[in-house]
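>>> Provided below are the primary sequence and the corresponding predicted coordinates.
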Amino acid sequence: MPIILVILSCCLQVVWAEEAKDMSSLGSVEKDILTIYMRALETNPDILSAKLQQELSEAQKRQALSNLLPQAQIVANFSKNHRYTENRGSNSYDGETEQVSVEQKLFDWSSWKNYKRYNYLTQQQASIYQDTRNRVILSVVEKYFNVLLANDQVRLIQAKKEAITKQLNRIKALYKRKLSKITDVYAIEARYDFILGEEIEVLSNQTLALEGLYELIGEQVEKVAPLRDDAEFTLPEKALDTWIEEAYKNSLELQSINYALLAKTKELEAIQAKHYPTLSLGGLYSHSDIGFDNSQAPASETSNISLNLSMPLYQGGLVSAQQLEAVKNIELEKQKKAKLKREIVKKVRTAYLGVQTEYLKIKASKRRIRSESKNYEAMVTGFRYGTNTVSDILDAQQNLFEAKVEYQRARYKTILNIFTLKQVMGIIQTEDMIMLNKLLLTAQ
């Protein structure tokens with residue numbers, strides 16, 4: 001029996017090890033930006049909350065509509081009664097009462113305006129939901145390229161460390177042959193120690209960048225597909241003023257606040273309508289064998305149709321106070337709209353100019369990389385002939401690596417600014433993510 005348990009335990013350990021290996025391999029699978037975006041649509045709390053708010057608004061709209069629809073009610077009562085009357089004694093009897101009532105409002109201006117208010121609130125939540133999706137798209141792009149930039153910095157710092165290690169070994173060999181000074185060795189060792197500190201920082205930044213993706217989709221991401229070297233970008237062709245005008249028309253955030261303003265206006269109209277009379281048509285049918293004060297009576301049926309008019313006269317100033325509050329809420333919403341329009345102009349200008357600037361930086365960085373490469377090679381050659389020092393080589397190498405990082409950063413920021421411009425415009429779509437995904441070097 002113990003032998004069987006030992007064998008079973010060994011088998012389970014093998015199975016668990018294989019499962020752990022499979023899970024580890026799944027976690028290390030390279031993910032592209034479209035995969036992360038589609039996962040964010042399914043799991044991101046902001047999107048899910050906005051969707052729930054939209055559904056909640058639809059339910060509230062339906063509740064407001066119910067006040068305008070017919071109201072029907074059935075009431076039934078069965079009772080055991082015992083009655084004592086002086087000089088007549090007492091008696092016991094059963095009683096039944098059934099009643100059906102129907103009422104339809106013919107004129108209730110306040111309820112109608114309230115329904116219109118919830119209609120606008122529902123449209124507002126629909127705009128908020130779509131805007132939330134767009135913001136998640138932009139957030140995915142931003143955090144994804146933060147990871148790519150962090151990966152580039154890790155690769156470059158490791159390449160820098162490897163290059164300096166080779167330089168250090170070479171200088172030490174020269175020093176042993178009395179062809180180099182000890183100060184050259186110290187200079188490279190100091191630079192190497194500095195790079196070790198930089199490596200710790202960039203590795204930490206890489207981990208934090210990956211945590212940004214985890215925040216979006218709730219899953220750990222270890223690898224992401226890089227941007228292709230031959231990726232090309234389409235710059236905005238319209239003038240800046242045209243982008244601003246279209247942003248005013250298409251901005252989902254501005255649409256949302258416009259619907260909120262319309263809803264506030266309808267709320268004011270609904271409050272003002274509380275001064276108006278209400279008119280309803282009612283119908284009643286009843287059957288009962290119970291009379292006044294639960295006395296026994298012959299069974300009877302009663303039916304009637306009524307036209308009911310109600311006119312409010314005075315409620316202690318409540319309606320006037322509510323009206324004042326609604327007016328102030330409208331003015332507050334107008335100020336929010338004015339502020340938002342200024343923010344939209346700023347965002348459009350920033351993104352538009354950012355695209356132009358970063359695109360020029362891409363071209364400038366390419367030229368700088370070529371120049372810094374030539375300069376580095378010249379410094380290495382000059383050191384061999386004794387015209388340059390080790391510090392000259394290290395500085396040239398540092399400039400070359402910085403140029404490469406700046407080139408990648410400019411590429412990423414160009415794409416981010418393009419997506420920011422589209423997000424502010426309210427025209428960013430899933431198709432944009434599909435097109436962006438084609439620019440990545442994904443595993444086939």
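Looks like it came in fine.
>>> and the helices in the stretch 51-200 of the chain, which stretches?
Assigned by DSSP state H, counting those that start in this stretch, the helices in the stretch 51-200 of the chain fall at 109-176, 182-217.
>>> so of the ones you listed, which one's packed in deepest?
Greatest average neighbour count among those goes to helix 109-176 (a mean of 19), per mean count of other Cβ atoms under 10 Å. Heads up, the C-betas are built off the backbone N, CA and C, glycines and all.
>>> just to revisit the earlier point, for the helices of the stretch 51-200 of the chain, which one sits closest to Gln272?
helix 109-176 (8.3 Å; Cβ to Cβ).
>>> three-state assignment of Ile427?
coil (DSSP: H, G, I helix; E, B strand; the rest coil).
>>> so who does it touch?
Ile427 makes contacts with Asn250, as judged by Cβ atoms under 8 Å, 6 or more residues apart in numbering.
>>> look up phi and psi at it.
Main-chain dihedrals, Ile427, degrees, to the nearest 10: phi -120, psi 10.
>>> quick check: the gap between it and Trp243.
11 Å (Cβ to Cβ, to the nearest Å).
>>> what do you get for Tyr276?
With Cβ to Cβ as the criterion, Tyr276 and Trp243 are 47 Å apart.
>>> how about Ala326?
For Ala326, the distance to Trp243 equals 36 Å [Cβ to Cβ].
>>> and what of Tyr118?
Here Tyr118 is placed at a distance of 34 Å from Trp243 (Cβ to Cβ).
>>> so what pairs up with Tyr93 in the strands?
Taking DSSP bridges as the rule, Tyr93 bridges to Asn81.
>>> burial of it, as a residue count?
When neighbours are counted by other Cβ atoms under 10 Å, Tyr93 registers 15.
>>> ok, Asn388 next?
Asn388 is flanked by 17 other residues according to other Cβ under 10 Å.
>>> and if you look at Gly382?
Gly382, neighbours per other Cβ under 10 Å, totals 15.
>>> find the nearest non-adjacent residue to it, please.
For Gly382, ignoring the flanking residues on the chain, the nearest one in space by Cβ to Cβ, 6 or more residues apart in numbering is Asn388 at 3.6 Å.
>>> sec struct for that neighbour, please.
coil.
>>> cool, and Asn304?
strand.
>>> quick one, what contacts it?
Asn304 neighbours (Cβ under 8 Å, 6+ apart): 283-284.
>>> show me what it is bridged to.
Applying DSSP bridges to Asn304 gives these bridge partners: Leu284.
>>> measure it to Tyr285 for me?
Asn304 is 8 Å from Tyr285, where distance means Cβ to Cβ.
>>> now swap in Lys143 and tell me
For Lys143 relative to Tyr285 (Cβ to Cβ), the value is 66 Å.
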